[in-house]
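[1] Here's a sequence, model it:
(chains A and B, ligands or ions: 2)
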Amino acid sequence: MVPTLKYKNTFPVEGGNFDNAGVISLQIKNIIRDMGFPDDIQRRAAIAIYESELNIISYARAGNINVRIAPHLICIDAADEGPGIEDIDRAMKDGYSTANDRIREMGFGAGMGLSNIKKCSDKFEIISETNKGTHLKILIDIN
Amino acid sequence: MIVVNTLKITNHQTLAISGFNPFYRIKSCSICGKTEVKLSKLIDILDATIMSGEEHLDMDVNTAFSADLMSDVLAFAKPKSILLTGLTNPQVVRTASILDASAIVIVRGKIPPAETVELAKELNIPIVLTKYILFETSGRLFMNGMVGCVEKIGDS
Ligand SMILES: Nc1ncnc2c1ncn2[C@@H]1O[C@H](COP(=O)(O)OP(=O)(O)OP(=O)(O)O)[C@@H](O)[C@H]1O
Ligand SMILES: [Mg+2]
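    Ligands and ions are numbered 1, 2, ... in the order given. You can find the predicted model right below:
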């Protein structure tokens, strides 16, 4: 059975626009909070979305973050057009990063993002094609 | 002779003489088990100034996380902790807000740009500035009863 959606929206993310990094994540976090989800769920969703948003800004040309919220489930799809991830297992390893100086200056590029998204999700999948793009599928189970 | 003696004393004796005993740490309340550090006290301890969030001076700040890597903060910090960092860009404020951090302490005498302070006001997160280095900042707060929001990785 398909659960009834309480909320659904798509947020465009512009690659390379570091000035606004995190704006979308904070916006979605407020929506989740206003819907009355527990602190821990808000936090996990916010961290997963923030790390996804930062990766699109850091590595891709453009992307979309799609959020669907059902009473017991938060479903996040972060899809981008960009270089893709050649070796997903390697990218998932803590400490692996190809971040440039711009990203590092902001305090990112520790190579922790993807594994932290996994830690925050109940289900996490990466689909990526080199020179096309990356799609992160994140599920957070409220129960 | 006296000069020679002074030279011979060990490091922590020197510190004890100067009133800075490295083994002295304020213990938690024996009744409720809590150490209460308010933001106003933290500012005292760190000889700090507050740049935003003056209305939060009475807030309890009992746990902290120190890092210059935001992705480490995102991976390891716990809610309601304060963030001690040497970074000053607006991203620090957004990261703190994502994590429900209760305040940001900027160390090493760095002055944040106006947009960072503006954003902190907007997101209602206090920013405190201290000239102490990160090690000293953490150490002084620890001696006064604050603790890390996690002690070791893997203990959560
Ligand atoms: N959307 C993406 N498109 C292309 N490459 C990506 C994308 N997301 C991640 N990567 C690659 O995977 C690596 C690891 O990503 P991860 O988010 O784990 O760490 P990071 O972004 O390097 O640093 P951190 O997230 O800790 O700030 C990146 O350095 C990059 O090479
Ligand atoms: Mg990342």
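
[2] going forward, measure contacts and count neighbours with C-alpha atoms only.
    Will do.

[3] neighbours around residue 40, how many?
    You didn't pick a chain, so chain A it is. Other residues lying near residue A:40 total 12 when counted by other C-alpha atoms under 10 Å in any protein chain shown.

[4] oops, I was thinking of chain B
    Using other C-alpha under 10 Å, residue B:40 is surrounded by 18 other residues.

[5] thinking it is in contact with residue B:57, fair?
    Yes. The pair residue B:40 / residue B:57 is scored as a contact, 4.9 Å apart, by C-alpha atoms under 8 Å.

[6] can you tell me if the helix or strand bottoming out on mean pLDDT in chain A touches ligand 1.
    Comparing every helix and strand of chain A by mean pLDDT, DSSP states H and E singles out helix A:101-105 as the least confident one, with a mean of 93. No. Applying C-alpha under 6 Å from any ligand atom, one finds helix A:101-105 separated from ligand 1 by no less than 7.6 Å.

[7] Can you give me the buried ones in that helix?
    Across helix A:101-105, burial judged by 16 or more other C-alpha atoms under 10 Å in any protein chain shown covers residue A:103.

[8] what's that helix in contact with?
    Contacts to helix A:101-105, defined as C-alpha atoms under 8 Å, 6 or more residues apart in numbering or on different chains, come from residues A:58, A:109, A:110.

[9] which one of the residues you listed is nearest residue A:136?
    Within the contacts of helix A:101-105, distances to residue A:136 taken as C-alpha to C-alpha reach their minimum at residue A:58, with 15.0 Å.

[10] dump the residue contacts of the residue of chain B found nearest ligand 2.
    Closest approach between chain B and ligand 2, counting by C-alpha to the ion: residue B:71, at 7.6 Å. Under the criterion of C-alpha under 8 Å, 6+ apart, the contact list for residue B:71 reads A:107, A:108, A:109, A:110, A:111, A:112, A:113.

[11] Between the residues you listed, which sits nearest chain B?
    Using C-alpha to the nearest C-alpha, residue A:107 is the member of the contacts of residue B:71 that sits closest to chain B, with 4.6 Å.

[12] Next one, pLDDT for residue B:15 please.
    With respect to pLDDT, residue B:15 scores 41.

[13] ugh, wrong one, I meant residue B:31
    At residue B:31, the pLDDT value in this model is 60.

[14] what do you get for residue A:61?
    Confidence score, pLDDT, at residue A:61: 98.

[15] How about it, nearest residue that isn't a chain neighbour?
    Ranked by C-alpha to C-alpha, 6 or more residues apart in numbering or on different chains and with sequence neighbours excluded, the top spatial neighbour of residue A:61 is residue A:15, at 4.4 Å.

[16] For residue B:43, see how far away that neighbour is.
    Counting by C-alpha to C-alpha, to the nearest Å, the gap from residue A:15 to residue B:43 is 39 Å.

[17] cool, and residue B:98?
    When C-alpha to C-alpha is the yardstick, residue B:98 and residue B:43 sit 24 Å from each other.

[18] More neighbours: which of these two?
    More neighbours surround residue B:98 than the other of residue B:98 and residue B:43, with 24 against 17 (other C-alpha under 10 Å).

[19] Where does the closest residue to the more buried one other than its chain neighbours sit, in terms of helix or strand?
    Of all residues beyond its chain neighbours, the one nearest residue B:98 is residue A:46 (6.0 Å), with distances taken as C-alpha to C-alpha, 6+ apart. For residue A:46, the enclosing helix or strand under DSSP states H and E is helix A:39-59.

[20] quick one: is that helix near ligand 1?
    Yes. Counting by C-alpha under 6 Å from any ligand atom, ligand 1 is contacted by helix A:39-59 at A:55, A:56, A:59.

[21] Turn those residues into a markdown table, columns for distance to residue A:121.
    Shown next, in a markdown table, are those (distance: C-alpha to C-alpha, whole Å):
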| residue | distance to residue A:121 |
| --- | --- |
| A:55 | 17 |
| A:56 | 18 |
| A:59 | 22 |
